[in-house]
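# sequence plus predicted model, see below.
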Amino acid sequence: MIFTDVSDECIKCGKCIPTCTIHNVNADEVTSPRGFLDLLGAYQKGDLELDKNAKDIFESCFLCTACTEICPNDLPVDMVIEQVRNDIRKKYGLAWYKRAFFFLLRHRKIMDFMAKMGYVFQTCGFKIQEKQESMKPRFSLPIIKKDRFLPSAKSKTFLNSYPENINEKRKTKNEKRKRVAIFIGCLANYTYTNIGNSLVEILKSLNCDIFIPKKQLCCGAPAYFTGDFDTVDYLAKHNIEYFESFIDEVDAIIIPEATCSAMLKNDYLHYFHDQPKWQERVKKLNGKIFMATQWLEKETNLSEILEKKNKKMSQIVTYHDPCHAKKMQGIYKEPRNLIGKNYTIKEMDDPDKCCGFGGVTMQSEKFDLAFRAGLPKAAMIDESGADIVSAECSACRMQITNSLHYNDSKVIFKNPIELIANALKEKETD
Ligand code: SF4
Ligand code: SF4
C-alpha cells in the first residue's frame with residue numbers, strides 16, 4: 001500500500017480525533033489519526049526517517065478502527081499502521097518474547113505442551129514486569145502498583161477436549177441437520193475454555209452436528225497487529241487451505257471471538273491485497289464464516305427457544321461492543337437480542353468505547369497506555385450497575401478483567417455464549 005495515497009486523501013477535518021483511543025490518553029497531534037497519516041506521508045516521501053521515535057509513535061496506535069468508522073473519506077488508518085509496522089519489524093526485528101510467541105502460534109503441538117506446563121501468555125507477562133521497571137517509553141506515565149490479572153493456560157485445551165465430530169443423536173430418516181465447524185481462537189482454546197464448552201452445549205441443544213477442525217491454527221491477528229507479516233502469511237495460507245478442504249461439508253464455520261472473526265473475514269482480504277489469487281480464495285470462504293452469536297441468532301431457532309423459557313436470570317448484564325465486532329463487522333444487535341431474552345441488559349454510557357487492549361506490543365512494552373485506556377471503560381462498567389459485563393471477544397476479556405481489577409470492581413466478565421449456555425441449563429433444571 002502506498003502511504004501517500006492515503007495520507008493525501010486526509011482533508012485534516014479532525015473528526016476522528018475525539019474518538020481516537022491513543023489521543024484520548026496522550027493528547028498530542030502526533031498520536032492521532034491525522035498525525036499518523038501526516039507522518040506516514042512524510043515517511044513515504046523520504047522526509048521522515050523510521051527512527052526509534054517514529055517507531056514508538058507508530059506502535060502507540062491501538063488499531064481500534066474508531067477513526068476509520070467516522071472518517072468522511074473512509075481512510076484505512078489501521079491498515080497503513082499495520083503496514084508500516086511491517087517496515088519497522090524489518091528494520092528493528094522483534095523482541096525475543098514476541099518471536100517466541102509467534103513461533104508457538106505456528107506450532108500447535110509445542111504450544112499445547114507449553115500450555116500444559118503453564119507457560120502460554122505468561123511469556124509476555126513476565127516481560128511486562130521487566131519492562132515496566134527498565135524501560136521509559138516516550139509516553140510513559142506511572143501506573144498503580146498492583147499485580148496484573150493475567151489469565152493462565154488450562155492444562156487441557158478446548159481442541160484437545162473433544163473428538164473431531166460430535167453427533168449426539170442418530171439422524172432420523174429425511175432429517176436435515178446443520179453441520180457446524182467451530183474456529184475457537186487461541187485465548188478460548190488455551191485459557192477461557194468454558195467459551196468453547198458452552199458453544200458445544202448450545203449446538204447440541206440445537207441438534208446440530210458439530211465439527212471441531214483439529215488442524216486450525218491461530219488466525220494471525222497478534223502477528224498482524226505487530227507487523228510480523230511472515231507469520232501472518234504462514235498462518236493465513238494454512239487456515240485458508242485447511243478450511244477449503246472441508247467447507248463444502250459444513251453449513252458454517254462459527255467463531256465466538258470478534259478479533260479472530262474480523263481477522264479471517266476482513267483482515268485476510270486486506271492482507272492479501274497484493275496477492276489476488278489468495279484474496280479470491282478468502283472471498284469464497286467468507287460466505288460461510290460467522291461470529292457465533294451472528295449465526296446462532298440469524299440461522300437457528302435459538303432466539304425462540306430462549307424466549308419460550310420465559311425466565312429472567314437474576315444477574316444484570318451490560319454489553320461492551322468489541323471494536324472488531326461492531327466497527328469492523330457491524331455485529332452488535334445479535335448478542336444483545338440473544339442475551340436479552342433471559343437477562344436484563346443495562347447499557348453502559350459508551351459501549352462502543354475501545355477497552356484498550358491494543359495487541360501484543362501494547363500489552364507488554366506499552367502497557368501504561370493500555371492501562372490508561374482501560375480505566376474509563378472499567379469506571380463506566382461499574383457505573384452501569386451491572387453484575388456482569390459481556391463481550392464476544394477474549395482480548396477484551398483479558399483487558400477489561402484487568403481494568404476492573406485495578407478499579408476494585410466486583411463486576412465479572414462472561415462471553416455471551418457462556419451466558420446463553422447458562423440460561424439454557426436453567427431450562428433443564430426448571
Ligand atoms: S485505530 Fe484507534 S488508536 Fe489508532 S489512530 Fe485510529 S482511532 Fe486512534
Ligand atoms: S477524519 Fe479522516 S479526513 Fe478527517 S482528519 Fe481524520 S483521517 Fe483525516
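Looks like it came in fine. Ligands and ions are numbered 1, 2, ... in the order given.
# may I see the buried residues of stretch 261-280?
Neighbour counts over stretch 261-280 (16 or more other Cβ atoms under 10 Å) mark Ser261, Ala262, Met263, Leu264, Lys265, Asn266, Asp267, Tyr268, His270, Tyr271, Phe272, Trp278 as buried. Bear in mind the C-beta positions are built from the backbone N, C-alpha and C, glycine included.
# quick one: end-to-end distance for that stretch.
Counting by Cα to Cα, to the nearest Å, you get 18 Å between the two ends of stretch 261-280.
# re earlier: next step: the buried residues of stretch 261-280 restricted to helices.
Counting by DSSP state H, the members of the buried residues of stretch 261-280 that fall within helices are Ser261, Ala262, Tyr268, His270, Tyr271, Trp278.
# against ligand 1, how distant is the last one?
Looking back up the chat, that one is Trp278. Here the distance between Trp278 and ligand 1 works out to 25 Å (Cβ to the nearest ligand atom, to the nearest Å).
# ok, now the fourth one?
Between His270 and ligand 1 the distance is 14 Å, computed by Cβ to the nearest ligand atom.
# list the contacts of that residue.
Pro76, Met79, Glu82 (Cβ atoms under 8 Å, 6 or more residues apart in numbering).
# turn these into CSV, including pLDDT and secondary structure.
Converted to CSV, the contacts of His270 look like this (pLDDT from 0 to 100; DSSP: H, G, I helix; E, B strand; the rest coil):
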residue, pLDDT, secondary structure
Pro76, 94, coil
Met79, 93, helix
Glu82, 95, helix
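# got those as TSV, with neighbour count and distance to Glu69 columns?
Putting the contacts of His270 into TSV (neighbours: other Cβ atoms under 10 Å; distance: Cβ to Cβ, whole Å) gives the following:
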residue	neighbour count	distance to Glu69
Pro76	18	11
Met79	19	14
Glu82	24	17
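# can I get those residues in a markdown table with distance to Glu175?
Formatted as a markdown table, these follow (distance: Cβ to Cβ, whole Å):
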| residue | distance to Glu175 |
| --- | --- |
| Pro76 | 46 |
| Met79 | 45 |
| Glu82 | 46 |
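# for these, which one is nearest ligand 2?
Taking Cβ to the nearest ligand atom as the measure, ligand 2 sits nearest to Pro76 out of those, at 9.7 Å.
# surely that closest one and Val6 touch.
Yes. Taking contact to mean Cβ atoms under 8 Å, the distance of 6.5 Å between Pro76 and Val6 places them in contact.
# ligand 1 contacts on the stretch 1-150 of the chain?
Neighbours of ligand 1 within the stretch 1-150 of the chain, by Cβ under 6 Å from any ligand atom: 19-22, 33, 36, 61-67, 77-78.
# looking at this structure, which helix or strand is least sure?
Counting by mean pLDDT, DSSP states H and E, the chain has its least confident helix or strand at helix 122-134, which shows a mean of 45.
# of the residues of the stretch 1-150 of the chain next to ligand 1, buried ones?
Among those, those that count as buried by neighbour count (16+ other Cβ under 10 Å) are 19-22, 33, 36, 61-67, 77-78.
# just the ones in helices from those residues, please.
Judged by DSSP H, helices contain the following of these: Thr21, Ile22, Pro33, Phe36, Ala66, Cys67, Val77, Asp78.
# what sits against the fifth one?
Remark: with contacts taken as Cβ under 8 Å, 6+ apart, Ala66 is in contact with Cys16, Thr19, Cys20, Thr21, Cys323, Lys327, Asp352, Cys354.
# just give the number of residues close to Met117.
Applying the criterion other Cβ atoms under 10 Å, we find 11 residues in the vicinity of Met117.
# same thing with Thr157?
Neighbour count of Thr157, defined by other Cβ under 10 Å: 22.
# measure it to Met114 for me?
In this structure, Thr157 and Met114 are separated by 11 Å, where distance is defined by Cβ to Cβ, to the nearest Å.
# now do Leu338
Here Leu338 is placed at a distance of 35 Å from Met114 (Cβ to Cβ).
# which of the two has more residues huddled nearby?
Between Leu338 and Met114, Leu338 has the larger neighbour count (other Cβ under 10 Å), namely 24 against 19.
# so that one touches Ile305, yeah?
No. If you go by Cβ under 8 Å, Leu338 and Ile305 don't touch, sitting 10.1 Å apart.
# let's have the ones in helices among the buried residues of stretch 261-280 in a markdown table, adding pLDDT and distance to ligand 2.
Putting these into a markdown table (pLDDT from 0 to 100; distance: Cβ to the nearest ligand atom, whole Å) gives the following:
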| residue | pLDDT | distance to ligand 2 |
| --- | --- | --- |
| Ser261 | 98 | 25 |
| Ala262 | 98 | 20 |
| Tyr268 | 98 | 24 |
| His270 | 94 | 17 |
| Tyr271 | 96 | 21 |
| Trp278 | 98 | 29 |
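# name the nearest residue to the residue in the stretch 101-250 of the chain positioned nearest to ligand 2, sequence neighbours excluded.
Proximity to ligand 2, evaluated over the stretch 101-250 of the chain using Cβ to the nearest ligand atom, is greatest for Phe225 at 19.4 Å. Among residues not flanking Phe225 along the chain, Gly359 sits closest, at 3.7 Å (Cβ to Cβ, 6 or more residues apart in numbering).
# now that neighbour: phi and psi?
When quoted as degrees, to the nearest 10, the phi and psi of Gly359 stand at phi 110, psi -180.
# Gly340: neighbour count?
17.
# how many neighbours does the closest residue to Ser198 other than its chain neighbours have?
Once its chain neighbours are removed from consideration, Ser198 has its nearest residue in Ala421; the separation is 3.5 Å (Cβ to Cβ, 6+ apart). Under the neighbour criterion other Cβ under 10 Å, Ala421 is assigned a count of 21.
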